[in-house]
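Student: Here is a sequence with its predicted model. Questions after.
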Amino acid sequence: MTPPPPPHAIRPGFESAIHRLREAFFSRNPSRWPLYSLPPFADILAFRALPIPSSERVAHYPDGPAMLARLRSLDAVPAASRQPDGEIDPLILFAAALSKNWEVPYSVENVATMPSDPGILGAVLGTLANPNLVHPEYAEMAVELEHAVIRQIATQTGWDPAMATGIFTQGGTFCNLYGYLLGIRKNLPLAREYGLEHGLDYRIINSQGGHYSNTTNLSLLGVNLRRKTIRIRITDDNDMDMADLERQLRACFQLGCVVPTIMLTMGTTDTFAVDQVKPVRDLCDRLCAQYEITAKPHLHVDAAVGWPLIFFLDYNFDRNPLEINESTLAGLRRNTERFRELRHADSFTVDFHKWGYVPYTSSLVMIRDRKDLAALEHDPENFSYFEKDTEGQTHLHSTIECSRGGVGVFAAATSLLHLGVEGHQLLVANALQTAGYFRHRLAQTPGVMVLAPANHGPSASFRLYDPAIVADPEAEFALEYDVLNTPDWSVRVARNNQYHRQAFLRRGKRGLYTNYVASAAHTDYDAHDRYRILPGEKAVFMNPLTRFEHIDAFIATIHG
Ligand SMILES: *Cc1c(COP(=O)(O)O)cnc(C)c1O
């Protein structure tokens, strides 16, 4: 009998499928995507394909230092026109060639990745067509395309595509802004005219584990962050502490205080914590009934990073047709079960430009019940600028923006049609397998503590200790975590931080382009109900070009 494959290995069926996918959609190959054979595209890609470290690219570019000097000193619009002659100003080529190179396998910074070939082509077409989605008259067929993408994502989530709606907007931050705003306008309707401090008392609820946009948006809306925002405690796995949520919600309702919005997160940026939605929905229903509250909290889910897990909702985990490896399958299955609850949200954030492999920016706020948008409508008097009789066909009165570009719509639509569910499944599984292999290798390395190992997301972060001093990284981390009872906490953490930071700097950005971040983990809560943050190093494995061999090379020099 042949022995079972090692749990972290890539299985043959998966390897050949992901290989075909890389060739078809991530190769910048002009024979598959003729756009890339045109001179400016071909030139830029040829330079970016050279194996030159980031720091040496200016020196290698033809006349690079002079170009840089010209760029830095450019401060006036040229007086005369420049004739095209089939060429674009070399300064533009220089800037494009030397912008961040996502097409190298070492690019594992943050939740960002090289876009797919169809995503790029779609974005180019969107630019060429140049619709303005503010009004159907300025967009025509692009409006239909936007609706088609929204219906596809609704169906994939398990929503009724005829009932749902959505808005492409400027990034996940704005999607979350819509999430807050929907709750505020539905539950505090007077706020539109009189502001938030008029009328009923309220509290907005989010999670301590949420992305910073969860907070900055509230400040933007004029919400008192100190007194009118409740940030729910998080568990050791960084998801929302349900007991704390119940306590806080009960306290609000007991006092007759409106909770316009609860902001959840499915897939936190660094640790891929996935909040539950169904229990929050049930809790709201139960407490609203008990306290006779009619203004039910609007549940918005920030799924900016995590949303592609919806491509697994119909995956046959028992048959596992893609041959996803054993160590990835269990975590993926668990996270998929959580994403099954996304359909209980009232709205959620989708960033196609993250795990959707679409160029920047392409974000969509999805809304389960299109009637909710009515709550955002402003008085039509404000819109006298547009022709009256076409206004009714659009979200014009409900959107935050006026001009709304169609590039993100075309890019997302093209990517979805070309990659299909299976392509997205492969890309997600590939990221998870690669991240899983990284965590596996880290766990075998002296001096390494893998953070949030149970979350099984595309990101992996760790703390690095001096193996000469720290024999047991887990025990060391336990001391750092227990801020309340570790007497020499500050000295110990400072010493460990110093070691890790120095190792990171010694290594330089060679091997994987990891990041050293201030908040990779947190301690337990202290006597004041606060936690401290702990720095660490992180890598996010969304890049389809990153292979196990790059990870092996990184691990070999991890201590610098
Ligand atoms: C990236 C991110 C955001 C913000 O999205 P942008 O598109 O960068 O504005 C919000 N929430 C989470 C969880 C994110 O990872």
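Tutor: Arrived safely.
Student: and Ser99, how far is that from the ligand?
Tutor: As defined by C-beta to the nearest ligand atom, to the nearest Å, Ser99 lies at a distance of 17 Å from the ligand. Bear in mind the C-beta positions are built from the backbone N, C-alpha and C, glycine included.
Student: I should have written Ala96 there, sorry.
Tutor: For Ala96 relative to the ligand (C-beta to the nearest ligand atom), the value is 22 Å.
Student: Could I get the pLDDT score of Val111?
Tutor: You'll see Val111 listed with a pLDDT of 88.
Student: Contact partners for Pro40?
Tutor: Each residue near Pro40 by C-beta atoms under 8 Å, 6 or more residues apart in numbering is listed here: Glu87, Ile88, Leu93, Ala96.
Student: 7 Å instead, please
Tutor: By C-beta atoms under 7 Å, 6 or more residues apart in numbering, Pro40 lies in contact with Ile88, Leu93.
Student: so which strand or helix has it?
Tutor: In the assignment (DSSP states H and E), Pro40 maps to helix 39-48.
Student: what comes up buried for that helix?
Tutor: Buried positions in helix 39-48, judged by neighbour count with 16 or more other C-beta atoms under 10 Å: Phe41, Asp43, Ile44, Leu45, Phe47, Arg48.
Student: And the closest residue to the last one other than its chain neighbours, how close does it get to the ligand?
Tutor: Meaning Arg48. Once flanking residues are discounted, Arg48 sits nearest to Asn101: 5.1 Å by C-beta to C-beta, 6 or more residues apart in numbering. Relative to the ligand, Asn101 is positioned 20 Å away (C-beta to the nearest ligand atom).
Student: Could you look up the SS state of Asn101?
Tutor: coil (DSSP: H, G, I helix; E, B strand; the rest coil).
Student: I'd assumed Ala49 was in contact with it.
Tutor: No: if you go by C-beta atoms under 7 Å, Asn101 and Ala49 don't touch, sitting 9.1 Å apart.
Student: out of these two, which sits in the busier spot?
Tutor: Asn101 (18 against 12; other C-beta atoms under 10 Å).
Student: Let me know the secondary structure of Leu419.
Tutor: Counting by three-state DSSP, the backbone at Leu419 sits in helix.
Student: where does it land on pLDDT?
Tutor: 98.
Student: quick one: Val438 and His353, what's the gap?
Tutor: You called it Val, but residue 438 is Phe. Distance of Phe438 to His353, computed by C-beta to C-beta, to the nearest Å: 23 Å.
Student: roughly how far apart are the residue lying closest to Thr261 once chain neighbours are set aside and Val259?
Tutor: Excluding the flanking residues, the one nearest Thr261 by C-beta to C-beta, 6+ apart is Gly183, at 2.9 Å. Between Gly183 and Val259 the distance is 8 Å, computed by C-beta to C-beta.
Student: shared neighbours, these two?
Tutor: Both Gly183 and Val259 are in contact with Pro297, where contact means C-beta under 7 Å, 6+ apart.
Student: can you pull out the strands in the stretch 101-250 of the chain?
Tutor: Secondary structure of the stretch 101-250 of the chain (DSSP state E, counting those that start in this stretch): strands at 165-169, 204-207, 229-232.
Student: Next, format these as JSON lines and append mean pLDDT.
Tutor: JSON lines is the format used below for the strands of the stretch 101-250 of the chain (pLDDT from 0 to 100):
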{"stretch": "strand 165-169", "mean pLDDT": "97"}
{"stretch": "strand 204-207", "mean pLDDT": "97"}
{"stretch": "strand 229-232", "mean pLDDT": "97"}
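Student: List just the one of these that sits closest to the ligand.
Tutor: Proximity to the ligand (C-beta to the nearest ligand atom) singles out strand 165-169 among the strands of the stretch 101-250 of the chain, at 9.5 Å.
Student: Is there proximity between the closest one and the ligand?
Tutor: No: Strand 165-169 stays clear of the ligand (C-beta under 6 Å from any ligand atom), getting no nearer than 9.5 Å.
Student: Which part of the stretch 151-300 of the chain gets nearest to the ligand, residue-wise?
Tutor: Gly172 (2.5 Å).
Student: Using the three-state scheme, assign the nearest residue to that residue once chain neighbours are set aside.
Tutor: Once flanking residues are discounted, Gly172 sits nearest to Ala304: 3.6 Å by C-beta to C-beta, 6+ apart. At Ala304, secondary structure determined by three-state DSSP is coil.
Student: Can you tell me how far Ala304 is from Glu15?
Tutor: Distance from Ala304 to Glu15, by C-beta to C-beta: 30 Å.
Student: ditto for Val491
Tutor: 48 Å.
Student: Who has more neighbours out of those two?
Tutor: Glu15 (13 against 10).
Student: Do you know the pLDDT at the more buried one?
Tutor: For Glu15, the model assigns a pLDDT of 97.
Student: Surely it forms part of a strand?
Tutor: No: per three-state DSSP, Glu15 lies outside any strand segment and is helix.
Student: who in the stretch 51-200 of the chain is up against the ligand?
Tutor: Checking the stretch 51-200 of the chain against the ligand by C-beta under 6 Å from any ligand atom, the hits are Val111, Gly171, Gly172, Thr173, Asn176.
Student: Export those residues to CSV and append columns for distance to Leu332.
Tutor: Converted to CSV, those look like this (distance: C-beta to C-beta, whole Å):
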residue, distance to Leu332
Val111, 17
Gly171, 27
Gly172, 23
Thr173, 28
Asn176, 26
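Student: between those, which is closest to Val124?
Tutor: Distance to Val124 across those (C-beta to C-beta) is lowest for Gly171, with 20.2 Å.
Student: Tell me who's in contact with that closest one.
Tutor: Thr361, Ser363.
Student: Neighbour count: Gly183 and Val259, which is higher?
Tutor: Gly183 (29 against 24).
Student: which helices and strands does the strand or helix carrying Met67 pack with?
Tutor: Per DSSP H and E, Met67 falls inside helix 64-73. Packed against helix 64-73 by the contact rule (3 or more C-beta pairs under 7 Å, 6 or more residues apart in numbering; DSSP states H and E) you find helix 57-60, helix 90-97.
Student: just those helices: most buried one?
Tutor: helix 90-97 (a mean of 16; mean count of other C-beta atoms under 10 Å).
Student: Bridged to the residue in the stretch 351-500 of the chain that the ligand sits nearest to, which residues?
Tutor: Nearest residue of the stretch 351-500 of the chain to the ligand: Asp351, at 4.7 Å (C-beta to the nearest ligand atom). Beta-bridge partners for Asp351, by DSSP bridges, are Ser363.
Student: helices and strands of this protein: which one bottoms out on pLDDT?
Tutor: Every helix and strand of the chain was ranked by mean pLDDT, DSSP states H and E. The lowest is helix 388-391, at a mean of 60.
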